[in-house]
Structure formats: structure tokens, C-alpha cells
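Visitor: sequence? don't have it. structure:
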Ligand code: NAI
């Protein structure tokens, strides 16, 4: 080991994705020496094969729809063609710029990058390429991978988001297996690019983890867009030919398409990394921690998708910051999982935070919960954009707002205020007295709270 590499590091991190690099940046900011082991690229799934490239595709999809629909508002545009090579170049340009910025940030903060495949080999040691690195504190941040189903092999015309992001053409038709977040986002992109899309979802609704009103609203919108879906359907098998895929469902239905896109969840990437051997408690491959993200072994912490809970980049960032501050002795307040905002970037978008109506009823009793739906039909900016949708607020009677659920084009941008409202346990009256700028979609949040406070303005009562 050279003199320039601390032995031990104050913090040694295994994995440079959202959780790992956030821990690295915050720890170095706090004056700690940091080693960051990464076998692929700093930035991980989110930056390279997740959030960023998919949202670039979704933006390209929005532009395609705008071009296609321009004449409806008197602007005579038409959609020529989708040039996937150019779309991919645009997408990669965004990723590359962010990647360069992130590398610069890590280097300027003095983070020691350790390239290679690491494994935990002791309570304070990670081995990379035959070299042992030590840390007074270890942070496990090895991330996740796209899962498949037993017997469903990925390859050829059967792909996950990893391969789909590299597609060099627009498929003429796609069967999307799984109507969760990844499934509906890719379905939305492909439909906008001109593919015929059919989603198969095992549960009774698309985006089944959301408030049922959002699932139903999205299903209505997708039906209108011509995106087919079958819910309550169980996948049985797939056959690949040179021409396409033939998918069979358990009820005997046969569907054919150019390709099968598998989006049935992401699994924790923890196998073969030495975690169990160090006595770390695991469940279904996930690393178990206490609310301070400590594994219970030595000074080993875990962050991100390997910790049970929402697999979201911003949760990983926050957990990384938390662990760095915990190690530095700042005693940060634990993260409230229930307050983590969620945005799904399909068209129309979904934004939600806090409890669904069903969860609130279960927690507080059905009679103790009241809701209001504000329809975007009454919101000027949403009408200008031509989007349908609504904002639903869930509150405890005479108590705080515990959930906000939104559907509509671009509505994800409203998640910031929604999150503040739920996290600060605001009452509708508190929000109703705040002025929301006109004409914005944000105004719809204000209107929903006015309605819940008993004084709706632009709403028929
Ligand atoms: P998911 O858990 O959101 O959805 C998977 C869906 O597949 C579920 O609805 C499930 O019922 C369905 N399914 C499972 N087995 C099935 C079967 N045999 N037949 C039919 N349907 C089946 O997982 P997804 O969409 O793969 O996303 C993985 C993770 O990545 C999620 O935790 C998600 O939150 C995160 N992510 C977040 C994004 C965002 O915040 N915008 C974007 C993309 C991913």
C-alpha cells in the first residue's frame, strides 16, 4: 500500500452509487479520510443505467408527443422519425456531463477512488484485486440489479432496463412484464416513440403500490393513449423466434411482440460479497440494519437499495449523508421512510408522498380520515398544457395531512411542496393561507388545501 493511501481510512465504502458516493462526499466534507471502492463507474445505476438516462428518454418522448400533437393547438408540426442513434447520443451526453462533474467533485473533495471488485473480508477490511484496505468504519452500498422470474432467462429479445437502454431502434411492439415504476415509464416512452405496447401486471392495478385513485387514473390515461394492459395476469412463459417473442399467460392468453421487457422489481446486489461471513444479518438478500443504518456488526453500516425499503436514489443520497454524519459523531435524526417522496415519470406523471388513503385508514381508522380530490380541470396551467389529472389529499380529521397523491403531466415537479406539507405535519388551514402563484400547476396544491379547509375557490361544491 502506498503512503498516500490511508491505512485505515476513516470511512471505507463499498459501492459508488447514489448511497455510496453521497456518504463519500459528506464524510470528506466533514474532514474524514474516505476510500470508495467501485468496480464499474462512479454514479452507479442511477446515473448510468437508471434515473438519468431513462428520464432523458422520457423527455425525448415528451418532445415526440409535442411534435405529433402540435396541430391540435394550431402549431402545424408533425413527427418525422425517431432517430434512436441521435436520441441515445443526447441521452449519453447528459450522462457523460454529469459523470464528469461527479468525478471532479469526488476528486476535489479528496476521496480516494479504489477501482475494482471489492468484498468484505473482515469487520474492518475490504479486499480489492488482492489488496486489503482497512476502514475504521465500513459502509456497504453495493446497490441492486434487475430481477427476473424463475426460469425466465434474460437474453436476445427478452431484456431488462439494462439492455433496453442500449437499444438502437424503436421496437414495433413490446410486451412489458410488470406494471410497476419501471414498467410504466418504459411503456410510456415506447408508446410515444410509436411502438405498440402491452403491459402485463400480476396484481389488480398498474403501479399497485400507489393510492388506488392514482392507479385507476393512470389506467384511464394509458387507455386513452392506446397503451394496452392486462392486470391480475400471471406470466407463464416466453418463446423467442427470429421474428419476435410469444408470451403465454397462465389463463391461456398468448401475446406476440418484437420483444419482452422484464420489469418485475430489483434485487439487492449482495451475493458473494462476504457480508454473511462477517455475521451481517440478511433477509432475502437484503442487509438488515437498525434505524441508524448500523448492521449490528463492528462499525459496519449499510445504505441504498440493499437496505429493505423504497429503492430510490434520493433515499440513498439521504442515507449516505446520514451515515457520514453518524460516523462523524453529529448524531443526525433518523430518516423517516414514510416521508420519502416518490415520482414516476411516465405520461401523465405520478407524484406521491406519505400514506395512501387505505394505509391512513388502517393506521388511524377509516372514520378518522378525510380526503379531497382536486381535479386539474379547474387549474389554468393544466388546461393550457392539456392535461387531465388530480391532486388527492389525505388528512386525519382535525389533524395533519398524512398523504398527497398527484397525477398529471409534469405534476412530479410539485412533489417538493407536497413533501414539506406531509413532513411538517401541516394542517390544511396552514397551507390554505399560503399564496400559490397563478397560473401554475402548483396552484392546484393550494386549491386542494383550500377545499380541504372548507373554502374551495375554483371548485364546484
Ligand atoms: P416494482 O416493484 O415497482 O414493480 C414490479 C411490478 O411487477 C409489480 O407491480 C409486480 O406486481 C409485478 N410483477 C411481479 N411479478 C410478476 C409476474 N410474474 N407477472 C406479472 N407481473 C409481475 O419494480 P420495478 O418497476 O422493476 O422497479 C424497481 C425499483 O426501481 C422500484 O423500487 C422502483 O421504485 C425503482 N425505480 C424508481 C423510479 C422512479 O422513482 N421514478 C424509476 C425506476 C425504478
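Guide: Received the coordinates, thanks. All of these numbers come straight from a predicted model, not from anything done at the bench.

Visitor: Name the residue of the stretch 301-450 of the chain that lies nearest to the ligand.
Guide: Closest contact between the stretch 301-450 of the chain and the ligand, by C-beta to the nearest ligand atom, is at residue 311 (3.6 Å). No exception for glycine: its C-beta is placed from N, CA and C like everyone else's.

Visitor: Chain neighbours aside, what residue packs nearest to that residue?
Guide: residue 305 (4.4 Å; C-beta to C-beta, 6 or more residues apart in numbering).

Visitor: The one you found in helix, strand or coil?
Guide: With DSSP: H, G, I helix; E, B strand; the rest coil as the basis, residue 305 sits in helix.

Visitor: Give me every residue in this structure lying close to the ligand.
Guide: With C-beta under 6 Å from any ligand atom as the criterion, the chain comes near the ligand at residues 149, 177-183, 185, 200-203, 208, 234-235, 263-266, 311-312, 343-345.

Visitor: Need the buried ones from the residues you listed selected in PyMOL.
Guide: Only the buried entries of the residues of the chain next to the ligand go into this PyMOL selection, using 16 or more other C-beta atoms under 10 Å:
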select buried, resi 177+178+179+180+181+182+183+185+200+201+202+235+263+264+265+266+311+312+343+344+345
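
Visitor: Where helices are concerned, which of the residues of the chain next to the ligand count?
Guide: 181, 182, 183, 185 (DSSP state H).

Visitor: Turn the residues you listed into a markdown table, including pLDDT.
Guide: Converted to a markdown table, those look like this (pLDDT from 0 to 100):
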| residue | pLDDT |
| --- | --- |
| 181 | 98 |
| 182 | 98 |
| 183 | 98 |
| 185 | 98 |
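
Visitor: what's near enough to touch the residue of the stretch 301-450 of the chain closest to the ligand?
Guide: Going by C-beta atoms under 8 Å, 6 or more residues apart in numbering, residue 311 touches 144, 266, 304, 305.

Visitor: change it to 10 Å
Guide: 45, 50, 143, 144, 181, 265, 266, 267, 268, 304, 305 (C-beta atoms under 10 Å, 6 or more residues apart in numbering).

Visitor: Which ones among those lie within strands?
Guide: Using DSSP state E, 144, 266, 267, 268 are the members of these that sit in strands.

Visitor: The last one against residue 141, yeah?
Guide: No: assessed by C-beta atoms under 10 Å, residue 268 is found out of contact with residue 141, at 11.1 Å.

Visitor: Which one's more surrounded, the two?
Guide: residue 141 (34 against 24; other C-beta atoms under 10 Å).

Visitor: Model confidence score at that one, please.
Guide: Residue 141 carries a pLDDT score of 98 in this model.

Visitor: How is the nearest residue to it once chain neighbours are set aside classified with respect to secondary structure?
Guide: Excluding the flanking residues, the one nearest residue 141 by C-beta to C-beta, 6+ apart is residue 20, at 3.3 Å. Recorded secondary structure, residue 20: helix (three-state DSSP).

Visitor: Surely residue 20 is in contact with residue 320?
Guide: Yes: the pair residue 20 / residue 320 is scored as a contact, 6.6 Å apart, by C-beta under 10 Å.

Visitor: Mutual contacts of the two, please.
Guide: 13, 139, 141, 303, 304.

Visitor: tell me the two of the residues you listed that are most distant?
Guide: Greatest spacing in those, by C-beta to C-beta: 13 and 304 (10.6 Å).

Visitor: quick revisit: so how far is residue 327 from the residue nearest to residue 141?
Guide: 14 Å (C-beta to C-beta, to the nearest Å).

Visitor: okay, and the common contacts of these two?
Guide: residue 139.

Visitor: Tell me who's in contact with the one residue in the stretch 51-200 of the chain that gets nearest to the ligand.
Guide: Using C-beta to the nearest ligand atom, the closest approach of the stretch 51-200 of the chain to the ligand is made by residue 180 at 1.8 Å. Contacts for residue 180 (C-beta under 10 Å, 6+ apart) come out as 199, 201, 203, 206-210, 263-266, 344.

Visitor: Kindly report the same for residue 287.
Guide: 140-142, 268, 270, 273, 275-276, 280-281, 293, 295, 300-304, 306-308.

Visitor: So it versus the ligand, what's the distance?
Guide: Here residue 287 is placed at a distance of 16 Å from the ligand (C-beta to the nearest ligand atom, to the nearest Å).

Visitor: Excluding chain neighbours, give the residue nearest to that residue in space.
Guide: Among residues not flanking residue 287 along the chain, residue 302 sits closest, at 4.2 Å (C-beta to C-beta, 6+ apart).

Visitor: neighbours around that neighbour, how many?
Guide: Residue 302 has 27 nearby residues by other C-beta under 10 Å.

Visitor: how about the contacts of residue 180 in JSON lines, adding pLDDT?
Guide: Rendered in JSON lines, the data for the contacts of residue 180 read as follows (pLDDT from 0 to 100):
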{"residue": "199", "pLDDT": "98"}
{"residue": "201", "pLDDT": "98"}
{"residue": "203", "pLDDT": "98"}
{"residue": "206", "pLDDT": "98"}
{"residue": "207", "pLDDT": "98"}
{"residue": "208", "pLDDT": "98"}
{"residue": "209", "pLDDT": "98"}
{"residue": "210", "pLDDT": "98"}
{"residue": "263", "pLDDT": "98"}
{"residue": "264", "pLDDT": "98"}
{"residue": "265", "pLDDT": "98"}
{"residue": "266", "pLDDT": "98"}
{"residue": "344", "pLDDT": "98"}
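
Visitor: any idea which of those is closest to residue 360?
Guide: Distance to residue 360 across the contacts of residue 180 (C-beta to C-beta) is lowest for residue 210, with 13.7 Å.

Visitor: list the contacts for that closest one?
Guide: Residue 210 touches 180, 181, 216, 217, 218, 342, 344, 350, 352, 356, 405, 407, counting by C-beta under 10 Å, 6+ apart.

Visitor: And residue 360, by the same measure?
Guide: So residue 360 contacts 211, 354, 366, 368-371, 394-396, 401-403 (C-beta under 10 Å, 6+ apart).

Visitor: ok, of those, which come out buried?
Guide: Buried by 16+ other C-beta under 10 Å: 211, 354, 369, 370, 371, 394, 395, 396, 401, 402, 403, out of these.

Visitor: Of the residues you listed, which belong to strands?
Guide: 354, 369, 370, 371, 394, 395, 396, 401, 402, 403.

Visitor: burial count for the residue lying closest to residue 458 once chain neighbours are set aside?
Guide: Nearest residue to residue 458, sequence neighbours excluded (C-beta to C-beta, 6+ apart): residue 378, at 4.4 Å. Using other C-beta under 10 Å, residue 378 has 18 neighbouring residues.

Visitor: Apart from its neighbours in sequence, what residue is nearest the most centrally placed residue in the chain?
Guide: By C-alpha atoms, centre = their mean, the chain has its centre lying nearest to residue 312, at 4.5 Å. Spatial nearest neighbour of residue 312, excluding adjacent residues (C-beta to C-beta, 6+ apart): residue 340 at 6.5 Å.
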